[in-house]
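Peer 1: Build the 3D model from these lines:
(chains A and B)
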Amino acid sequence: MKSAKYLAMSTILGSAVFLAACSGEDEANGSDNGSEGSGEELSGQVQGDGSSTVAPIMEAIVEEYAAAQPGVQVSSGVSGTGGGFEKFIAGETSFSNASRPIKEEEAAGLEEQGVEYTEVELGYDGLSVVVNQENDWVDYLTVEELKEMWVESGEEKTWADIREGWPEEPIEFYSPGTDSGTYDYFNEVILEEEDIVRSATLSEDDNVLVQGVMGSPNAIGYFGYAYYLENQDTIKVVPIDNGDGPVEPNNETIESGEYAPLSRPLFTYVRNDTVAEDPAVADFIMFAIENAGELAEAVGYVSAPQEVYDEDMATIEELAGE
Amino acid sequence: MKFVNHEEVAAKTKTRLTKNTLLKGVFAAATGFGLVVLAILLYRIVTQGSDYLSFEFFTSFASRIPENSGIKAAILGSVYLMLVVAPVSMFLGVGTAIYLEEYAKRNKFTNFIKVNISNLAGVPSVVFGLLGLTIFVRFFDLGISILAAGLTMSLLILPIIIVASQEAIRAVPNELREASFAMGATRWQTILRVVLPASIPGILTGSILALSRAIGETAPLVVIGIPTILMFTPDGIMSTFTALPMQIFDWTKRPQVEFHDVAAAGIIVLMGLLIIMNSIAVFIRNKYQKRY
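Peer 2: Next comes the predicted model:
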């Protein structure tokens, strides 16, 4: 039964490639109005997995794509950035969403399997550091202070330990779980691979972190910008000083990279061979790049600069042989 | 001489009565606690989710806009999943129970198997998820399909069905079997015409309760890695799919409060399904139960 299905599928795909070759010109120039896919009716299956942070953008893209190409069945899981890459390396998925760049050992794993991949940027997120609304002493934090706070030192930390004049109350920490790309990113740019404070409450569900910070005047936490945006009336965001003065996360500072170092790109990684061989994958990824900016904004993230999308588009088009 | 010492009885009666009243209160409170929590839960879920519960909720796919979100893919996925789980788990479960109760010799080995099956019923569902991922998804290369997830779920509820069916079969009086044998029937004829008809209410009740556990189970599906972002309906048992509990799980993790309400609407649907399935089980039990 399976082989019959494959035969049918490859016949359809084969004819789709043939058709695409016949009418090649008008496909390459992606249209600006967004929701249009490429001209032909494609069919097939495209499977992905990965970061739950990227999931809302991916869901929006898949939703729009289903309207443009109803014959292509796109599905994507939310196993987390690390879990997604595991499947990507095992060859179970054609694209893998990630809220951090690929790690060295993951890249090595792919190389071992002989898999070439392309990194595609979908948008930006600003890791937002937040405190309770009753916290009236924190006006901003420098990157060094953030590190001093979050790295395990062996003793309990109070706010007064971080900067003089702040209350001598123990700090309560709320952080995303160690499986998430959000944690990985924070670990890389702030903790610099040192251990996170042992008293930190870790949760895979960011809403739990929001609740925690809302519940205690001495709490501090960090999570994706979308979670701050939804709760901005009940929690306070802390501007971050990276040497050039405190910067608050918002659409402009995140997109321009001024909100450093906590502004991070969101990716999806694509297998080059599936893009080259399967027109459905190629078409879906192109559709994603074309619409990612607008849809990222719609779900609470920030669009990447247009040049980034153009560059990614060029790479994928080349891979797809158009 | 009096047989009853009325003074002593009178003295003790009071404490005995107080004790009785007190314990009645404790047990009533124990019952009440569960009921109150359930009532709060129901109230919260219904007030949160009822706004999103509409006809469109069943006919549209998940969406980035909460108002347009629906459970079409999820509910169809769950139904397909049950279409795999029900026949597989019932055939294997009832078959095992018949073998253990009717054919197997009563020896240490059979006992060992029985004890292990009872233990299996207590194994956490995540473990079955890992088993399914290793065996069905990877080893048999079924992929993240309805078949792979259905077989995993079948394994999960198999012990429950076996134990329930064993109880039902054991409850059939031996006189009935002996009467059948006396008429010259073989063991299989006896099972088919005497034992099974008498035990089917118990078997069905147990199976339906087990199936309703499978339909609400999330952990194995998470471990297998079935997707939550998917905008098509399944077209066969090899198709990729998503299920109702997965969809709910995904919505509750979103930042937007509106999605939590959509999740509540999903929970109402799932609860409705469970209530229907459990009612069928109760109905079958009441209608066909015979006492010997």
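Peer 1: Tell me where the chain has helices.
Peer 2: If you meant another chain, say so; for now it's chain A. If you assign secondary structure with DSSP state H, the helices in chain A sit at A:2-22, A:25-28, A:55-68, A:80-89, A:104-112, A:143-150, A:159-162, A:181-186, A:206-215, A:225-230, A:251-256, A:272-277, A:279-298, A:306-320.
Peer 1: Chain B was what I was after
Peer 2: Taking DSSP H as the criterion, chain B carries its helices at B:6-49, B:55-59, B:72-98, B:108-120, B:125-132, B:146-170, B:174-182, B:187-190, B:196-216, B:219-224, B:244-252, B:257-288.
Peer 1: distance between the fourth one and the chain's centre?
Peer 2: Pointing back at helix B:108-120 there. Computed by C-alpha atoms, centre = their mean, to the nearest Å, the chain-centroid distance of helix B:108-120 equals 21 Å.
Peer 1: and the stretch 51-200 of chain B, which residues reach chain A?
Peer 2: Along the stretch 51-200 of chain B, the residues adjacent to chain A under the rule C-beta under 8 Å from any C-beta of the partner chain are B:61-64, B:138, B:143-144. C-beta here means a position set from N, CA and C on the backbone, and glycine is covered the same way.
Peer 1: which of those lies closest to chain A?
Peer 2: B:R64 (4.0 Å; C-beta to the nearest C-beta).
Peer 1: list the contacts for that closest one?
Peer 2: With C-beta atoms under 8 Å, 6 or more residues apart in numbering or on different chains as the criterion, the residues that contact B:R64 are A:56, A:59-60, A:63, A:295, A:298-299.
Peer 1: Could you check what's spatially nearest to it, not counting adjacent residues?
Peer 2: Leaving aside its chain neighbours, B:R64 sits nearest to A:A60 (4.0 Å; criterion: C-beta to C-beta, 6 or more residues apart in numbering or on different chains).
Peer 1: Check B:Y52 too.
Peer 2: B:A265 is the one closest to B:Y52 (C-beta to C-beta, 6+ apart), at 3.9 Å.
Peer 1: tally of neighbours for the one you found?
Peer 2: Using other C-beta atoms under 10 Å in any protein chain shown, the number of residues around B:A265 comes to 25.
Peer 1: cool, the one 4 residues further on as well?
Peer 2: Number of residues near B:V269 (other C-beta under 10 Å) recorded here: 20.
Peer 1: quick one: it and B:I75 touch, right?
Peer 2: Yes - if you go by C-beta atoms under 8 Å, B:V269 and B:I75 touch, sitting 6.9 Å apart.
Peer 1: near chain B, which residues of the stretch 151-300 of chain A?
Peer 2: Residues of the stretch 151-300 of chain A lying near chain B by C-beta under 8 Å from any C-beta: A:204-207, A:224, A:226-227, A:229-231, A:295, A:298-300.
Peer 1: mind putting those in JSON lines, pLDDT, distance to A:Y117 and neighbour count included?
Peer 2: Putting these into JSON lines (pLDDT from 0 to 100; distance: C-beta to C-beta, whole Å; neighbours: other C-beta atoms under 10 Å in any protein chain shown) gives the following:
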{"residue": "A:E204", "pLDDT": "82", "distance to A:Y117": "26", "neighbour count": "16"}
{"residue": "A:D205", "pLDDT": "84", "distance to A:Y117": "29", "neighbour count": "14"}
{"residue": "A:D206", "pLDDT": "86", "distance to A:Y117": "28", "neighbour count": "27"}
{"residue": "A:N207", "pLDDT": "87", "distance to A:Y117": "32", "neighbour count": "18"}
{"residue": "A:G224", "pLDDT": "88", "distance to A:Y117": "24", "neighbour count": "26"}
{"residue": "A:A226", "pLDDT": "86", "distance to A:Y117": "26", "neighbour count": "23"}
{"residue": "A:Y227", "pLDDT": "88", "distance to A:Y117": "29", "neighbour count": "25"}
{"residue": "A:L229", "pLDDT": "87", "distance to A:Y117": "31", "neighbour count": "18"}
{"residue": "A:E230", "pLDDT": "86", "distance to A:Y117": "33", "neighbour count": "20"}
{"residue": "A:N231", "pLDDT": "88", "distance to A:Y117": "35", "neighbour count": "21"}
{"residue": "A:L295", "pLDDT": "91", "distance to A:Y117": "22", "neighbour count": "24"}
{"residue": "A:A298", "pLDDT": "88", "distance to A:Y117": "27", "neighbour count": "15"}
{"residue": "A:V299", "pLDDT": "87", "distance to A:Y117": "25", "neighbour count": "20"}
{"residue": "A:G300", "pLDDT": "85", "distance to A:Y117": "27", "neighbour count": "20"}
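Peer 1: For the residues you listed, give me a markdown table that also has distance to B:R106.
Peer 2: Formatted as a markdown table, the entries for those read as follows, by distance: C-beta to C-beta, whole Å:
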| residue | distance to B:R106 |
| --- | --- |
| A:E204 | 49 |
| A:D205 | 50 |
| A:D206 | 56 |
| A:N207 | 55 |
| A:G224 | 61 |
| A:A226 | 62 |
| A:Y227 | 60 |
| A:L229 | 67 |
| A:E230 | 63 |
| A:N231 | 63 |
| A:L295 | 65 |
| A:A298 | 67 |
| A:V299 | 63 |
| A:G300 | 64 |
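Peer 1: The residue nearest to B:Y52 contacts B:G49, correct?
Peer 2: Yes - counting by C-beta under 8 Å, a contact exists between B:A265 and B:G49, whose distance comes to 3.7 Å.
Peer 1: Give me the below-cutoff pLDDT ranges for the chain.
Peer 2: I went with chain A, as the question did not name one. Low-confidence segments of chain A, defined by pLDDT under 70, span residues A:1-39, A:322.
Peer 1: try chain B instead
Peer 2: Counting by pLDDT under 70, chain B contains low-confidence ranges at B:1, B:290-292.
Peer 1: Domain ranges for it, per the record?
Peer 2: In the domain annotation for chain B, the residue ranges read B:6-52, B:57-288 (automatic domain parsing).
Peer 1: A:D161: which of the ones you listed is closest?
Peer 2: Shortest separation from A:D161 across the domains of chain B is recorded for domain B:57-288, at 31.5 Å, computed as C-beta to C-beta.
Peer 1: And for A:V197, the neighbour number?
Peer 2: The burial count for A:V197: 17, using other C-beta under 10 Å.
Peer 1: before we move on, back to that, out of the contacts of B:R64, flag the one nearest to A:S175.
Peer 2: For these, the minimum distance to A:S175 (C-beta to C-beta) is 20.7 Å, reached by A:P56.
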